[in-house]
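Engineer: Quick check, what structure comes out for this input:
(chains A and B)
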Amino acid sequence: MSDYKKPLPQIQPFTKAFWEGTKERKLLIQTCGDCGAQIFFPRRQCPKCWSSNLGWKQASGRGKVFAFSVTYEGVEAAFREDLPIVLAWVDLEEGIRMQTNLVDCEPEDVAIGQDVEVVYTDVTDEITLPYFRPVGD
Amino acid sequence: MSIAIIGVAEVPTSRDPDRNRWDILQDVCMGAVRDAGIDKNDINAVISVNPMAQPQLSLDMALGRVPEVLGMEGCKDICVVNAGGTSTTNALRLAKYFIESGSARFVLVPHTTIQSDIPTEDLINFFATAPLDMQWEYPYGVTFNGAMGLLTNRYMYETGATAEQMASVTVSLRAWGALDPMSIFHGKPVTLDDVLNSRMISTPLHAKECNFLADGGGALVVTSAEVAQEMGKPAAYELGHAMRLLGATPVLRSDIFSRESYRESSKDALAQAGLQIQDMDLRQIYGAYPFTQCSALEGYGVCEIGEAAGIWAEGRCGPGGDLPCTTMGDATGRGHTGSGVSMAFYIDTVRQVRGDAGARQVPGCEHAIVTTAGGSIMNACTTVFGRQPR
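Structural biologist: Predicted coordinates:
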C-alpha cells in the first residue's frame, strides 16, 4: 500500500475525525451543537453560526447519483492507470452532497438517480477513501 | 461618474513560445495607449491582470516593473489584481476608483499569459489543483474538465438538452472564432460531426468542447465617461455593473449552473443602466464551457429554462443569427489564455460597441452585456456597456 502514488487528502486538525472514521468504516458528517447544521466539508467553525461546538454523526452510507462524468484522459500521470475514472457527485440520504468516484461498475451502466452505497478503500495505512458503488436491484 | 474604455490592443491568441512575456506585454501596453490617442505619460495608474501560472511576471507586475520599463512618467501607482478569470473585471473596478477619486485621468490595464512553454504535465497539475479542493476533490482524480463534465451531465439531464444541441454551441463559438484574426481558430470552423467525433475527455465533454490552452495578451485604457466624451472618440461606456458569488467548490454550490447568478447580476446591472435584456444587441458569456452559454441565456431571461440549447442549435446565437452571443468565441472558440480570457472578452466587446469588430461585427451594436467568471465558475460578474454614456 505504500506505493500509492496518487494525491492523498490534505488532512486538517478539524477533519481528522472524518478520516479516522473512514478507516473504521464509518462515514461521518460534522454537525453543529448550537444551530444543528450539518456541515460538509468539515470546518473549524460552523459556517452557519460560527460556533466551535461541533460534533459528528454517522451517515448511513447510502445515497443517489446526482451527476457523473467518466474521465478518459487529461488526468495527472498518477491517475492514468485508473482510466476511465467515474467521477460522481453523490447525494447522501442525510442531505449532504459529496465528490467521489463510482467503483465496481461499468461506466456505461452509471445513471443519474442510481442508488449507491459507500465502499471503503484503504489506499495507505493512514488513509481510507470513501468511494461509492451501485446497489444491486 | 462612470468609466469608459477608450483604447484596446491585443496580440493574436496562439502557441508561440518564442514570443516572450515582456515582448507581448510591451506591445499591448503601447498598442492600447496609441489606440486611445494619448501619450504614455498620460497614464496615471497601471492595474495589471494577474497572469495565472506565471509567478515571476506576476511579481514584476505587482512591484512596479511595467511603468518603469515603459517610462510612464505620469504613473502614480500600480497593482496586480487576482480573481482568476475575473481579474480583468476587478482591474476595471479598481481603475474606476482611481478615476472617480481624481487620482487618475487614464488607467492602463494590461495582461499577458504564456502557457506554451510550460510542460503539459505542469499545466494539467495547475488546472487540476488551482481551482479544486485538495482534500475533498483532488484525491478522486477530478480535473477542471471533469468538474465541468459533471455540471454538463446534470445540465443536460435537467433540461433535456441533447449531445447534438450541446455540440452546436461549440460549432457557433468556433464560427465566431473562425472570423476573428485574434482567435487561435481563425479560419478554422468546425462541424457538428467534428465536435461529436472528437475524443471523449470527461463525459459528456468532447475534446473540442474543452479548453485549448494558449498564449495571449491584451490591454485596456480606461478613463471617465466625461473625458471620453470630450475626446470624441468611439468608446465603450460602462452603464451598469453587478455581481454574485456562487462559491469556490462546485459540489457545494446551490446555484450549480450559475443560472441564478446570471439572473441576479444581470437584473442589477441592467437596472443601473436603465435598460432591459431585450435592449441588448450582444450577449458575451465567459463560462469557458458550453453549458454556461445556455444557462446564461436562461438566467438573463432571454428564454425559458431548458430552451437555450435548442436556440443555439438553430444557429441563432452564431454569425448571422438574431441573438448573437459570445462573438469573442469563449475559451473553446478562441483559445484559453488563463486570466486573459476575460481581457479578450472586454476587448471584443469594446470593438463591437465601437463598431470595429470586422467580420464579426454585430449590426447596430449599441448595447452589450458581458458576464465574466473566475475559478471553476465561482462567480458571475455582469457589465452593461453602451456606445453612448448613460
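
Engineer: could you pull out the helices for chain A?
Structural biologist: Listed in chain order, the helices found in chain A under DSSP state H are A:16-23.

Engineer: Which residue comes closest to the residue at the greatest distance from the centre of it once chain neighbours are left out?
Structural biologist: Largest separation from the mean C-alpha position in chain A: residue A:34, at 25.1 Å (C-alpha atoms, centre = their mean). Distance criterion C-beta to C-beta, 6 or more residues apart in numbering or on different chains; nearest residue to residue A:34, sequence neighbours excluded, is residue A:51 at 3.9 Å. Every C-beta, even on glycine, is put in place using the N, C-alpha and C of the backbone.

Engineer: Wait, that neighbour touches residue A:39, no?
Structural biologist: No: Residue A:51 is beyond contact range of residue A:39, at 10.2 Å (criterion: C-beta atoms under 8 Å).

Engineer: got a list of what residue B:212 touches?
Structural biologist: By C-beta atoms under 8 Å, 6 or more residues apart in numbering or on different chains, the residues touching residue B:212 are B:184, B:331-332, B:335-336.

Engineer: Restricting to C-alpha, output stretch B:263-283 in PDB.
Structural biologist: Output of stretch B:263-283 as PDB, limited to C-alpha atoms (Å, rounded to 0.1, in the frame of the first residue of the first chain):
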ATOM      1  CA  ARG B 263     -30.200  36.300 -13.400                       C
ATOM      2  CA  GLU B 264     -29.500  38.500 -10.300                       C
ATOM      3  CA  SER B 265     -26.300  40.100 -11.600                       C
ATOM      4  CA  SER B 266     -27.800  41.000 -15.000                       C
ATOM      5  CA  LYS B 267     -31.000  42.300 -13.300                       C
ATOM      6  CA  ASP B 268     -29.000  44.600 -11.100                       C
ATOM      7  CA  ALA B 269     -26.600  45.700 -13.900                       C
ATOM      8  CA  LEU B 270     -29.500  46.400 -16.300                       C
ATOM      9  CA  ALA B 271     -31.400  48.300 -13.700                       C
ATOM     10  CA  GLN B 272     -28.400  50.600 -13.200                       C
ATOM     11  CA  ALA B 273     -28.200  51.100 -17.000                       C
ATOM     12  CA  GLY B 274     -32.000  51.800 -17.200                       C
ATOM     13  CA  LEU B 275     -32.200  49.100 -19.800                       C
ATOM     14  CA  GLN B 276     -33.900  45.700 -20.400                       C
ATOM     15  CA  ILE B 277     -32.300  42.500 -21.500                       C
ATOM     16  CA  GLN B 278     -34.200  42.900 -24.800                       C
ATOM     17  CA  ASP B 279     -32.300  46.200 -25.400                       C
ATOM     18  CA  MET B 280     -29.000  44.200 -25.600                       C
ATOM     19  CA  ASP B 281     -27.700  43.700 -29.100                       C
ATOM     20  CA  LEU B 282     -25.000  41.300 -28.000                       C
ATOM     21  CA  ARG B 283     -24.600  38.900 -25.100                       C
END
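
Engineer: and it, which residues are buried?
Structural biologist: The neighbour-count check on stretch B:263-283 (16 or more other C-beta atoms under 10 Å in any protein chain shown) flags B:263-266, B:268-270, B:272-273, B:275, B:277, B:280-283 as buried.

Engineer: about what we covered before: just the ones in helices from the contacts of residue B:212, please.
Structural biologist: Using DSSP H, the subset of these located in helices is B:331-332.

Engineer: now the contacts of residue B:212: which count as buried?
Structural biologist: If we count by 16+ other C-beta under 10 Å, the contacts of residue B:212 have these buried: B:184, B:331-332, B:335-336.

Engineer: Spatially, what comes nearest to residue B:30 if we skip its sequence neighbours?
Structural biologist: residue B:70 (7.1 Å).

Engineer: list the contacts for residue 78?
Structural biologist: If you meant another chain, say so; for now it's chain A. Residue A:78 touches A:5-7, counting by C-beta under 8 Å, 6+ apart.

Engineer: ah, no, chain B please
Structural biologist: Residue B:78 touches B:45-48, B:61-64, B:66-67, counting by C-beta under 8 Å, 6+ apart.

Engineer: Show me the strands in the chain, by range?
Structural biologist: In the absence of a named chain, this looks at chain A. A:28-32, A:38-39, A:54-58, A:62-71, A:85-92, A:97-101, A:115-122, A:128-134 (DSSP state E).

Engineer: oops, chain B please
Structural biologist: Taking DSSP E to define them, one finds strands in chain B at B:3-14, B:43-49, B:77-81, B:106-113, B:200-202, B:205-206, B:215-224, B:236-245, B:282-285, B:367-372, B:379-386.

Engineer: now those strands as TSV including mean pLDDT?
Structural biologist: Listed next are the strands of chain B as TSV, based on pLDDT from 0 to 100:
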stretch	mean pLDDT
strand B:3-14	96
strand B:43-49	98
strand B:77-81	97
strand B:106-113	96
strand B:200-202	97
strand B:205-206	98
strand B:215-224	96
strand B:236-245	98
strand B:282-285	98
strand B:367-372	98
strand B:379-386	98
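
Engineer: Relative to chain B, how far out is residue A:85?
Structural biologist: Applying C-beta to the nearest C-beta, to the nearest Å, the value for residue A:85 to chain B is 5 Å.

Engineer: Excluding chain neighbours, what is closest to the residue in chain A that chain B sits nearest to?
Structural biologist: As assessed by C-beta to the nearest C-beta, chain B sits closest to residue A:69 within chain A, at 3.2 Å. Leaving out its chain neighbours, the residue that sits closest to residue A:69 by C-beta to C-beta, 6+ apart is residue B:149, at 3.2 Å.

Engineer: Equivalent analysis for residue B:339, please.
Structural biologist: Among residues not flanking residue B:339 along the chain, residue B:87 sits closest, at 4.5 Å (C-beta to C-beta, 6+ apart).

Engineer: Number of residues surrounding that neighbour?
Structural biologist: Burial of residue B:87 is recorded as 27 neighbouring residues (other C-beta atoms under 10 Å in any protein chain shown).

Engineer: what residues are up against it?
Structural biologist: By C-beta under 8 Å, 6+ apart, the neighbours of residue B:87 are B:49-50, B:81, B:111, B:339, B:342, B:374.

Engineer: residues in contact with stretch B:195-202?
Structural biologist: With contacts defined as C-beta under 8 Å, 6+ apart, stretch B:195-202 is touched by A:69-74, A:87, B:143, B:145-146, B:148-150, B:163-164, B:167, B:170-171, B:206-210.

Engineer: If we go by neighbour counts, what in it is buried?
Structural biologist: The neighbour-count check on stretch B:195-202 (16+ other C-beta under 10 Å) flags B:195-196, B:198, B:200-202 as buried.

Engineer: try stretch A:59-72
Structural biologist: By 16+ other C-beta under 10 Å, the buried positions in stretch A:59-72 come out as A:59, A:61-72.

Engineer: who's in contact with the closest residue to residue B:336 other than its chain neighbours?
Structural biologist: Of all residues not flanking residue B:336 in the chain, residue B:211 sits nearest, at 4.0 Å (C-beta to C-beta, 6+ apart). Each residue near residue B:211 by C-beta under 8 Å, 6+ apart is listed here: B:144-145, B:288-289, B:331-332, B:336.

Engineer: what residues are up against residue B:71?
Structural biologist: By C-beta under 8 Å, 6+ apart, residue B:71 lies in contact with residue B:40.

Engineer: actually residue A:84, not the one I typed
Structural biologist: Shown in contact with residue A:84 (C-beta under 8 Å, 6+ apart): A:70-72, A:107.

Engineer: Surely residue B:27 is in contact with residue B:11?
Structural biologist: Yes: if you go by C-beta under 8 Å, residue B:27 and residue B:11 touch, sitting 6.2 Å apart.

Engineer: neighbour count winner among these two?
Structural biologist: residue B:11 (21 against 17).

Engineer: filter the contacts of residue A:78 down to the ones close to chain B.
Structural biologist: Checked against chain B using C-beta under 8 Å from any C-beta of the partner chain, the contacts of residue A:78 yield the following neighbours: A:6-7.

Engineer: which of the contacts of residue A:78 lies closest to residue A:97?
Structural biologist: Comparing the contacts of residue A:78 against residue A:97 with C-beta to C-beta places residue A:7 closest, at 21.3 Å.
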